[in-house]
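Asker: Below is the sequence, then the predicted model.
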Amino acid sequence: MAVTGIIYRRFIVNDKGVEVSYVGQTCDPVKRHNDFLNLNVTYSGVRIENARKKYGPEKFEYEVLETITCESNEDLATTLNERESFWIAEFNSFKKGYNNSIGGGGASGYKHTEEYKQWQSEHSKKLNRDPKIKQRQIEGMLAYFQSPGAREKRSAEVLKRYRDPPEREKLSIAQKKSYADNPLRAELRNAKLSNICSTPEGRKRMSDTIKNAWKSPVYRKKYSKSKKALWATEEYRAKMAVSLKNINGKRVRQLTLDGVFIKDYPSATEAARAVKGSFGSVARVCRGERPKYKNFKWEYVSNE
């Protein structure tokens, strides 16, 4: 399948009256353009960074120098590197412009060595421990997703990856490892989901997502298979026995929003059944994770 990339130029007449250029390459012109306009996103090298901050990114002119199409990512990367170097020399943008190098090192499709990947991983982890850098990354991503079509584009990219079984498995393993290595991240994610589900909009979105998933025979089969595998383990059965015992073993009290007693129930399950609701939602109110459910307050009552 053919793949396409471009060589582009950004240029400006500086305060000395001289036209100064930056030459780059990309396979995603829309994202690259949005990144350039967003000062919270690091673009490419200290020269162009300083120029963006000094003159303002919107003051730069933009032109596509070449559009290149190849049959593979490897061929595209090689060709883009060669043509980028040519145009950097043509505009002298390394010696008298905003390029930090003579070009040829930034194309999509280029395969790095395992040693370089390891170094890059450790370097990124080190940078992400810096609160200032992390805040800048957050601001950059928020600004990017506020740009027209960015959210839809990102969603389409993620969905495309999840349709590829090997890629989906790879993402799943990476997520599980991340949560195992950093339990705090898992706690924060659970807290975030709980907060989302505490709002009517969040509950509706979660409900619609689950309903749509269950419409897929593939999802139902996969879910059934995973549940059977879990229940086949002694550890999971023991864990669920304790969990279900705790759910059914705690009495629950129903109150008005003003705190007036209505009725006691032997468990969250019975309370939820009485109001035609979800025992999980009743339990979340009892644990203080939600302020109310079905327009009632709920609280655990000591069996003593």
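Answerer: Nice, thanks for sending it over.
Asker: distance of the nearest residue to Tyr8 once chain neighbours are set aside from Tyr179?
Answerer: Nearest residue to Tyr8, sequence neighbours excluded (C-beta to C-beta, 6 or more residues apart in numbering): Val64, at 5.2 Å. From N, CA and C alone the C-beta is placed, and that goes for glycine too. Taking C-beta to C-beta, to the nearest Å as the measure, Val64 falls 43 Å from Tyr179.
Asker: got it, and Val3?
Answerer: Val3 is 34 Å from Tyr179, by C-beta to C-beta.
Asker: Also Lys160?
Answerer: Per C-beta to C-beta, Lys160 is found 24 Å from Tyr179.
Asker: which one of these two has more residues nearby?
Answerer: Each of Lys160 and Tyr179 has its neighbours counted (other C-beta atoms under 10 Å); Tyr179 has more, 15 against 10.
Asker: list the contacts for that one?
Answerer: By C-beta atoms under 8 Å, 6 or more residues apart in numbering, the residues touching Tyr179 are 185-186, 189.
Asker: Tabulate those (JSON lines), appending neighbour count, secondary structure and distance to Cys286.
Answerer: Below are the contacts of Tyr179 laid out as JSON lines (neighbours: other C-beta atoms under 10 Å; DSSP: H, G, I helix; E, B strand; the rest coil; distance: C-beta to C-beta, whole Å):
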{"residue": "Arg185", "neighbour count": "13", "secondary structure": "helix", "distance to Cys286": "26"}
{"residue": "Ala186", "neighbour count": "15", "secondary structure": "helix", "distance to Cys286": "22"}
{"residue": "Arg189", "neighbour count": "13", "secondary structure": "helix", "distance to Cys286": "22"}
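Asker: All the strands of the stretch 1-150 of the chain, residue numbers only.
Answerer: 3-13, 19-26, 61-70 (DSSP state E, counting those that start in this stretch).
Asker: orientation of the second one relative to strand 3-13 in degrees?
Answerer: In terms of direction (axes from the mean of the first three to the mean of the last three C-alpha atoms, to 10 degrees), strand 19-26 departs from strand 3-13 by 160 degrees.
Asker: how would you label Lys176: helix, strand or coil?
Answerer: Here Lys176 is recorded as helix under DSSP: H, G, I helix; E, B strand; the rest coil.
Asker: ok, it to Asn182 distance?
Answerer: 11 Å.
Asker: Likewise for Gly45?
Answerer: Separation of Gly45 from Asn182 (C-beta to C-beta) stands at 32 Å.
Asker: Now tell me which helix or strand of this protein has the poorest mean pLDDT.
Answerer: In the chain, no helix or strand scores lower on mean pLDDT, DSSP states H and E than helix 114-128, which sits at a mean of 70.
Asker: Tabulate the contacts of Tyr179 (TSV), appending pLDDT and distance to Glu71.
Answerer: Below are the contacts of Tyr179 laid out as TSV (pLDDT from 0 to 100; distance: C-beta to C-beta, whole Å):
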residue	pLDDT	distance to Glu71
Arg185	81	41
Ala186	82	43
Arg189	83	41
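Asker: Off-centre distance for stretch 35-44?
Answerer: The chain centre lies 18 Å from the centre of stretch 35-44; the measure is C-alpha atoms, centre = their mean, to the nearest Å.
Asker: buried sites along that stretch?
Answerer: Neighbour-count burial for stretch 35-44, counted by 16 or more other C-beta atoms under 10 Å, picks out 35-39, 41, 43-44.
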